[in-house]
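>>> Turn this into a model:
(chains A and B)
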Amino acid sequence: MPLTTTTALLAILIMALTTFTTRIGGAIIMSRIPIGPKVEQFINAMAGSVLVAVIVPLAAQGDWGARLALLATLVAMLLVRKPLIAITAGVATAALWRLV
Amino acid sequence: MSAKLDAQGTLRGFKRMAPVSLFVVAFGLAFGVAAIQHGLSSLETLLMSGLIFAGASQFAALELWGPTLPLTALVATTFAINARHLLMGASLYPWLRHLPPGQRYACLGVMSDSNWAMAVGDHQRGETNVGVLFGGGIALWTAWMLGTCLGVVFGSGISEPQRFGLDVIMGCFLLAMLVGSKHKPSLALLLPWCVAGGAALLALYYLPPNAHVIVGALAGGLTGMLIPQANPQKET
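Numbers count the residues shown, from 1 in each chain, chains lettered A, B, ... in the order given. You can find the predicted model right below:
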C-alpha cells in the first residue's frame, strides 16, 4: 500500500483494533475455554522473539554507531536494569561514535 | 470473591500509578522523537499513541514504516508483540468476570504491563475494587500522550537526528524491553530468541521485504512451545 495520509491513518486504526483485540481477547477466550500451557509457552516465547526479529536486522544492516549503541544498551541493561539509563547510554554511544 | 469499579477506586489507582507514570512520560518522549524522525506527521504520531497505547509495538511499527506501507506485516507484528495481553487478560478474568461487560472491557482497554501487575497483586490480596486497573491505566495513558506530545515538539526541531544518535532510540528501546521484560532473564527463553534471530536474518536476505519479523516471531514461538519446560510451576 503506498504511503498517503489516508493509508497511514487506516494502518494506525487497524493496528489499534489489533491491539484492542489482544487486550480484551484473553478474557473472552477464558470465558469459553481456558488457555492451555502449550499456547501459553508459544505466546511467552513469541513475545521476546518478535523483538529479537526486529533488533537483529538493525544490528546487521546498521552502521557501527548503531551496533555499538545496541551493545551499550545491552550491557547497561544487564548491569543496572533501568531501561531509561540503558537507552540513554545507547543513544549517547551512537552520538559519540559519529562525533569521532 | 467479587469485583467493583467506582470513582474513588479509580482515583486511588490513578494516584498509585503516578510514580511509574513519570517514567512513561520519558518513554513517550522517546517515541515522539523517533516517530517524527521516521517521517510520521504530528497527527499520526499522536493518534498512534492515543489509539494503540502499546510502546513496543509502536516502536516496531516505525521500523516497517516507509514509502509503501506493509499492512500485513504491520498487523502481524502488532499482534505478535501484543499477544502477551491475551495471557494478561486471561489471568485477570476470574476477577473481572464479576463486572458488567461494559466495565470489564473498559478496564481491559487500558490494560498495560504496570497496571496489570498491580491489579494481579490487588486481586491476590483479596481486594474487590478494580480501580487500580482502570485508574492506573488512565494515568499511564495520560503520561504516554503527554510524553508523545513533548517528543513531537522536540523531535520536529532537530534537523540532523543521526548526529545526536536519535535514530537508534527505537532499537535501544526494544532491546531494553527485551532484557527487562522479565525480572530474571530466563535461560529457557534464550534458545527461542536465538532461533528467532537466526530465522529473521535468513528471512531478511532470502524472503520478501518485511517478512523477517513474522518469520522470527513464529520460529521463536514454535521453539518455545516445543522445548520441554524443566519446571512448569515456576512459569507465571
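>>> which residues does B:T68 contact?
A:1-3 (Cβ atoms under 8 Å, 6 or more residues apart in numbering or on different chains). Where you see a C-beta, it was placed from the backbone N, CA and C, and this is true even at glycine.
>>> same thing but 6 Å
A:P2 (Cβ atoms under 6 Å, 6 or more residues apart in numbering or on different chains).
>>> Now the spatially most central residue of chain B, what are its backbone angles?
By Cα atoms, centre = their mean, the mean C-alpha position of chain B lies nearest to B:A54, the distance being 3.8 Å. Dihedral angles of B:A54 (phi, psi; degrees, to the nearest 10) stand at phi -150, psi 100.
>>> confidence score at it?
Here the pLDDT value assigned to B:A54 is 94.
>>> swap in the one 3 residues further on?
B:S57 carries a pLDDT score of 93 in this model.
>>> Hmm, it is touching B:A80, no?
No: counting by Cβ atoms under 6 Å, B:S57 does not reach B:A80; the two are 8.5 Å apart.
>>> Looking at these two, which has the bigger crowd around it?
Counted by other Cβ atoms under 10 Å in any protein chain shown, B:S57 and B:A80 do not tie: B:A80 has more neighbours, with 27 against 24.
>>> Just to be sure, the more buried one is in a helix?
Yes: B:A80 sits within a helix when classified using DSSP: H, G, I helix; E, B strand; the rest coil.
>>> I'd guessed it sits against A:G48; true?
No: using Cβ under 6 Å, B:A80 is not in contact with A:G48; the gap is 10.4 Å.
>>> domains of chain A?
A:1-35, A:37-100 (automatic domain parsing).
>>> would you turn these into TSV with mean pLDDT, distance to B:G13 and mean neighbour count?
Formatted as TSV, those follow (pLDDT from 0 to 100; distance: least, Cβ to Cβ, whole Å; neighbours: other Cβ atoms under 10 Å in any protein chain shown):
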stretch	mean pLDDT	distance to B:G13	mean neighbour count
domain A:1-35	92	17	17
domain A:37-100	90	23	21
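>>> now the ones you listed in JSON lines, with distance to chain B?
Converted to JSON lines, the domains of chain A look like this (distance: least, Cβ to the nearest Cβ, whole Å):
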{"stretch": "domain A:1-35", "distance to chain B": "3"}
{"stretch": "domain A:37-100", "distance to chain B": "2"}
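>>> in what helix or strand does A:L51 lie?
helix A:37-61 (DSSP states H and E).
>>> which other helices and strands contact the next helix or strand after that helix?
With elements assigned by DSSP H and E, the helix or strand that comes after helix A:37-61 is helix A:64-80. Contacts defined by 3 or more Cβ pairs under 6 Å, 6 or more residues apart in numbering or on different chains; DSSP states H and E place helix A:64-80 against helix A:83-99, helix B:169-180.
>>> now for these, which one comes closest to A:A16?
helix B:169-180 (19.3 Å; Cβ to Cβ).
>>> what does that closest one contact?
A:48, A:51, A:54-55, A:58, A:69-70, A:73, A:77, A:83, A:86-87, A:90, B:30, B:34, B:56, B:59, B:62.
>>> Please apply the same query to stretch A:20-39.
Contacts for stretch A:20-39 (Cβ under 6 Å, 6+ apart): B:82-83, B:85-86, B:89-90, B:93, B:96, B:105, B:108-109, B:111, B:225.
>>> Quick check: which of those are also close to chain A?
B:82-83, B:85-86, B:89-90, B:93, B:96, B:105, B:108-109, B:111, B:225 (Cβ under 6 Å from any Cβ of the partner chain).
>>> Narrow the residues you listed to those that are buried.
Buried members of those, scored by 16 or more other Cβ atoms under 10 Å in any protein chain shown, are B:82-83, B:85-86, B:89-90, B:93, B:96, B:105, B:108, B:111, B:225.
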